[in-house]
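A.B. asks: This is the structure alone, sequence omitted:
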Ligand code: SAH
């Protein structure tokens, strides 16, 4: 059995959104520990880790007790450079859809080539999964291939499958050459999620200011732009340039309105 590099392990966070059953939180902690991971984040859980969670963690209490609690998904992934949302069914929201292997290879490339980059794998609530708004915060989607008539795995089982595949990709020497083929272009330093959200916020304001929507649904344009800019990791330098352009546009608009 091989060891994952502890420095790499810490950079992969598993985010559980609004988990309803604390037993699943405990089982997820156990699933992570068996695969050598330990970075668990709980977003707005229905119950904080309790006795049931600890019983299901069965030896992985350290992972459970070390879990960070956040109130929103944005907060949980703000400093991440790549975020993948898991879902049991295709959601026609235009997210690139990856298999566990493809996602793990992509993750491996980003972890290896982007200095200190952090990534997140996001899991939804037991009953309804992730909302479309939550999926929109993700760079890609991940679906575990399953029985089309019964495709929803137990939350902790889904965590287990993905953590296993990620472990395989991160420890397999052969995967190294395969993954460099997967991602041909690498940002020097990918922009963080928080930086991208800042860019989207500023873009939304300018679009409103220049009356780009003209009565049309504002969400739809913003959604398309979001999809465009999140398809591939953006470099910090590129994002700085775009912010510079927006900034100059704001200045030009101010001058115009003063005229
Ligand atoms: N009805 C929900 C199922 C939720 S299952 C839905 O349609 O999404 C709880 C969580 O487990 C999901 O949000 C997802 O994070 C994970 N999960 C379950 N089955 C999965 C699958 N086949 N592929 C990827 N993730 C899955």
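C.D. replies: All right, it came through fine. Note that the structure is a prediction, hence the values are computed from the model and not measured.
A.B. asks: Centroid-nearest residue for the protein?
C.D. replies: For the chain, residue 83 is the residue whose C-alpha lies nearest the centre (CA atoms, centre = their mean; 2.0 Å).
A.B. asks: so it makes contact with residue 123?
C.D. replies: No. Using CB atoms under 8 Å, residue 83 is not in contact with residue 123, being 11.9 Å away. Any C-beta I mention is one placed from the backbone N, CA and C, and that applies to glycine too.
A.B. asks: gap between residue 54 and residue 67?
C.D. replies: Distance of residue 54 to residue 67, given as CB to CB, to the nearest Å: 12 Å.
A.B. asks: which of these two has more neighbours?
C.D. replies: Remark: of residue 54 and residue 67, residue 67 carries more neighbours, 23 against 18, as counted by other CB atoms under 10 Å.
A.B. asks: Stretch 133-153 and the ligand in contact?
C.D. replies: Yes. Judged by CB under 6 Å from any ligand atom, stretch 133-153 comes into contact with the ligand at 142, 143, 144, 146, 151, 152, 153.
A.B. asks: so which pair among these is furthest apart in space?
C.D. replies: Across the residues of stretch 133-153 next to the ligand, the longest distance by CB to CB is 14.1 Å; it joins 142 and 152.
A.B. asks: Pull up the residues of the stretch 151-259 of the chain that are close to the ligand.
C.D. replies: Checking the stretch 151-259 of the chain against the ligand by CB under 6 Å from any ligand atom, the hits are 151, 152, 153, 155, 158.
A.B. asks: what about the first one, how many residues close to it?
C.D. replies: If I follow you right, that is residue 151. For residue 151, the count of nearby residues is 14 (other CB under 10 Å).
A.B. asks: surely it meets residue 89?
C.D. replies: Yes. At 6.2 Å, residue 151 and residue 89 qualify as touching, with contact defined as CB under 8 Å.
A.B. asks: Wasn't residue 202 part of a helix?
C.D. replies: Yes. Applying DSSP: H, G, I helix; E, B strand; the rest coil, one finds residue 202 inside a helix.
A.B. asks: Quick one: residues contacting the residue lying closest to it once chain neighbours are set aside.
C.D. replies: Excluding the flanking residues, the one nearest residue 202 by CB to CB, 6 or more residues apart in numbering is residue 246, at 5.0 Å. Residues near residue 246 by CB atoms under 8 Å, 6 or more residues apart in numbering: 199, 202, 203, 206.
A.B. asks: Regarding residue 246, which helix or strand does it belong to?
C.D. replies: Using DSSP states H and E, residue 246 sits within helix 236-258.
A.B. asks: Give the buried residues for that helix.
C.D. replies: residue 239 (16 or more other CB atoms under 10 Å).
A.B. asks: again with stretch 76-89
C.D. replies: Buried residues in stretch 76-89 (16+ other CB under 10 Å): 76, 77, 78, 80, 81, 82, 83, 84, 85, 86, 87, 88.
A.B. asks: Does it reach the ligand?
C.D. replies: Yes. Judged by CB under 6 Å from any ligand atom, stretch 76-89 comes into contact with the ligand at 86, 87, 88, 89.
A.B. asks: who are the neighbours in contact with the residue nearest to the centre of the chain?
C.D. replies: Residue 83 touches 77, 119, 120, 122, 137, 138, 139, 193, counting by CB under 8 Å, 6+ apart.
A.B. asks: tell me the pLDDT at it?
C.D. replies: pLDDT recorded at residue 83 is 96.
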